[in-house]
Structures are given as C-alpha cells and as structure tokens.
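Trainee: Take a look and give me a structure for this.
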Amino acid sequence: MKPYYHALASVRRYGGKPEDYQKIHDLLDLPKASHADVRHRAILHNSMGPFLCEQAFGTTITNSDGKVVPVRSIAEDHIIEDLGRIPSVSDYLNGMPHYPWLAGNRLPPNFEVVD
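Mentor: Sure, this is the predicted structure:
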C-alpha cells in the first residue's frame, strides 16, 4: 500500500487530515527508494520501525482535529496493514546468511562462513 493510502487509513482511525500522518508513513516506506520490491519492508516494517518513527517525530502528534495520537501506534498500524502482524527484526535476520563482509576484517573463532 502506498504511504498516502496508509495516511487515509490513519484519518479513518484517528481523525484529522492525511497530511497529519503522511511523514510517518513516508519514513516507513523510504527504503522503497533503494529497493523497489516488497523486500524493502525488511528494513523498517518490523518491531524497530515504530520506535524509529517515535525518535524522528516524537512520542505523539496532535492531528488537525486537536487529538493527540501516539506515533508508535500510527507506525504499528502501517506495518499491520501491510503484513498482518509486526515481525521482529530477528524474523528477517534468522534466515539471512552470515556474509563474511558483515564481520569486517575480523572473524570470530569458529565462525562458519556461508557462501
């Protein structure tokens, strides 16, 4: 779903106008700019994404109706709308190979490199 449609869903849920929520939804979908398929969701559509939104926009916003809305709730709604749940970062990383370049110049002892 495009960020604007998420903003419309936020309006239905919390009131206000789409522009009250647009920047939050834009941030969550920002990785689309560098990876334009659904795998972009691995970056911010997880348990950390709502906390990053809160850091960027504050704990709450006041929408144009004067209602105070938690930023984390807005971000969590976005992820649930797209995925049906909020996956953890580990849900994405557990299936990821251990690329040698992730360790930089140092590999820990007994580190198994996966090609």
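Trainee: what about the residue lying closest to residue 76 once chain neighbours are set aside, how many neighbours?
Mentor: Closest residue to residue 76 apart from its sequence neighbours, by Cβ to Cβ, 6 or more residues apart in numbering: residue 50 at 5.0 Å. From N, CA and C alone the C-beta is placed, and that goes for glycine too. By other Cβ atoms under 10 Å, 24 other residues sit near residue 50.
Trainee: Alpha carbons only: can I get the helix or strand that residue 50 is a member of in PDB?
Mentor: In this structure, residue 50 sits in helix 49-57 according to DSSP states H and E. Output in PDB follows, covering the C-alpha atoms of helix 49-57 (Å, rounded to 0.1, in the frame of the first residue of the first chain):
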ATOM      1  CA  GLY A  49      10.400   0.700  12.800                       C
ATOM      2  CA  PRO A  50       7.700   2.200  15.200                       C
ATOM      3  CA  PHE A  51      10.400   3.100  17.700                       C
ATOM      4  CA  LEU A  52      12.500   4.900  15.000                       C
ATOM      5  CA  CYS A  53       9.400   6.800  14.000                       C
ATOM      6  CA  GLU A  54       8.900   7.800  17.600                       C
ATOM      7  CA  GLN A  55      12.500   9.100  17.700                       C
ATOM      8  CA  ALA A  56      12.000  11.000  14.400                       C
ATOM      9  CA  PHE A  57       8.600  12.600  15.200                       C
END
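Trainee: For that helix, the averaged confidence score.
Mentor: Averaged across helix 49-57, the pLDDT comes to 98.
Trainee: which residues are in contact with it?
Mentor: 23-24, 27-28, 44, 71-76, 79, 86 (Cβ atoms under 8 Å, 6 or more residues apart in numbering).
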